[in-house]
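# Pasted the sequence and its predicted model underneath.
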Amino acid sequence: MAEATTNTKVGKPDTYILGIYITLLVISVVESYSASSREIKNDLMEPMVRQLTYLAFGVVTMIACSRINYTKYVNYGNVFSLIAIGLMLFAAFFGKNINGAQRAVHLPGFTIQPAELAKVAIVFLLSLVMATNIDHKQGRIKDRGLWISAVIVGMFGSLLVMQGMTNTLLFVLISLSLIIIGKVSGKAFMRAVLLFSVVVAILFGIKSCAEANTLSDPEKAETVQTKQAAKATTPRASTWDARMDRFFERFRTPLYEQEITEKNDQEMYSYMAQAHGGIFGVLPGNSRECSRLPLAFSDYVFSIIVEELGLFGGLFLIGLFFTLLMRAGNIARKCNRAYPAFLVMGMAVMVVLQAYFHMAINTGVFPVSGQPLPLISKGGTSVLVISIAFGVMLSVSRTATQTSAEKDVRKEKEALPESMRAANPTRND
């Protein structure tokens, strides 16, 4: 009975988005096996079995999320966001230290990366804010929506600031993308850019002050032992400085003249892998660099893909994510309500930007920073989060009214809270 009275007409999931998801799964299986050399300890198949388990769980999650009517994500998204915020707070104070930063929550049998959960959580929250702050007369986002969005980005960024600024940049770009979809005026968009620039500057200042304080602590220590103990707790500060130094070093010294050290081996071996791949690649399973490239199975898996599939393989992957963005945009333009339009585009932008950040880091366009390649890099939390994003996009494609039938439009409006019934400003009639 509830299904008949509250749910809108249910259609089929978008075949393009589903096809992209399946294609990424196939690439993940093939390339994860190729890039697992450094993970192998005793059992040759153990890394592969672990990744297949993650992917299987991700598929189940994606199917479950796609079967939920998008209107339910108004409440489910809020619950998910509260959980993500709680885990980020816990990780900041009691989290497991990974690569010099407290970034993981260790539970019996598995580890959660709250920063990954935050990517979906912020899309849920921003979509809610945008949809509830649309001027019905002008058909565009109110300034209040911009201010609230900036507060949300600042809050999430502050919780992750000690892990670097890449996620904060991702949050800002997601927000600006949704603001563009909301058809704000040119002046309002410039105000939003200025507002987010201030937020980023404040967060950067907080991070810099934290670095300065932690770096000064070892010098104030009275004994050699306490100095060493203090330094042991502040590796991130030196890590960030070293990464930026290496990034700008390439403009002073050609890469082929730089010596490979423990500090720059990730970047150097990733460049070698891509150069070795050439135009057509060496084919899957023939990677030369996967055995010596650190994190070849996660942060640098794109380099292994280019090595094995060549330039064409890399361009295919770039085009695949671009197609996802275009398909989500097509769905958003057909939605009658604003909320599903923001939701489907927010999830798509999050996935695509994360993928392009990963590729930019691998190719040296951005400084080194850990960003997994969606569904392909190994990691249970990342696979789960991206599967949720795909599930939500498929849910919108199935359940959001994309016709002008008066009966369907009325049912959809009644299923949403009154404050979220604004018409889609990007609707194509």
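All right, it came through fine. Numbers count the residues shown, from 1 in each chain.
# How many residues are close by residue 139?
Neighbour count for residue 139, taken as other CB atoms under 10 Å: 16. No exception for glycine: its C-beta is placed from N, CA and C like everyone else's.
# Ramachandran angles for it?
For residue 139, the backbone dihedrals (degrees, to the nearest 10) come out as phi 70, psi 40.
# quick one: contacts for it?
Residues counted as contacts of residue 139 (CB atoms under 8 Å, 6 or more residues apart in numbering) are 183, 423, 425.
# Distance check, it against residue 427.
Taken as CB to CB, to the nearest Å, the spacing of residue 139 relative to residue 427 amounts to 9 Å.
# Surely residue 322 touches residue 353?
No: applying CB atoms under 8 Å as the test, residue 322 and residue 353 come out as separate, 11.5 Å apart.
# More neighbours: which of the two?
Set side by side, residue 322 and residue 353 show more neighbours around residue 353, with 21 against 13, by other CB under 10 Å.
# Mind listing what's buried along stretch 412-422?
Along stretch 412-422, the positions that meet the burial threshold by neighbour count (16 or more other CB atoms under 10 Å) are 412-413, 415-416, 420-422.
# check which helix or strand covers the closest residue to residue 123 other than its chain neighbours.
Here the nearest residue to residue 123 in space, its sequence neighbours aside, is residue 346; by CB to CB, 6 or more residues apart in numbering that works out to 3.8 Å. Secondary structure from DSSP states H and E places residue 346 in helix 338-362.
# on contacts alone, who are the packing partners of that helix?
Other elements packing on helix 338-362 under the criterion 3 or more CB pairs under 8 Å, 6 or more residues apart in numbering; DSSP states H and E are helix 114-132, helix 166-181, helix 301-334, helix 380-399.
# Would you confirm that the residue nearest to residue 123 contacts residue 127?
Yes: under the criterion of CB under 8 Å, residue 346 lies in contact with residue 127, with a separation of 5.2 Å.
# Overlap of the contact sets of these two?
When CB under 8 Å, 6+ apart defines a contact, the residues bordering residue 346 and residue 127 alike are residue 178.
# tell me the contacts of residue 352?
Residue 352 makes contact with 321-322, 324-325 under the criterion CB under 8 Å, 6+ apart.
# still on that earlier bit, tell me which residues touch the residue nearest to residue 123, please.
With contact taken as CB under 8 Å, 6+ apart, residue 346 is in contact with 123, 126-127, 174, 177-178.
# quick one: pLDDT of it?
Predicted confidence (pLDDT) at residue 346: the value is 96.
# now the most centrally placed residue in the chain: how far from residue 406?
For the chain, residue 354 is the residue whose C-alpha lies nearest the centre (CA atoms, centre = their mean; 4.4 Å). Look at residue 354 and residue 406: by CB to CB, they are 39 Å apart.
# Can you tell me the element the closest residue to residue 323 other than its chain neighbours falls in?
Setting aside the residues directly before and after it, residue 323 is nearest to residue 20 in space (CB to CB, 6+ apart), at 6.5 Å. Counting by DSSP H and E, the element that carries residue 20 is helix 15-34.
# Averaged pLDDT, that helix. What do you get?
Per-residue confidence for helix 15-34 averages out to 91 on the pLDDT scale.
# quick one: low-confidence parts of the stretch 1-150 of the chain?
For the stretch 1-150 of the chain, the stretches with pLDDT under 70 are 1-9, 35-44, 96-102.
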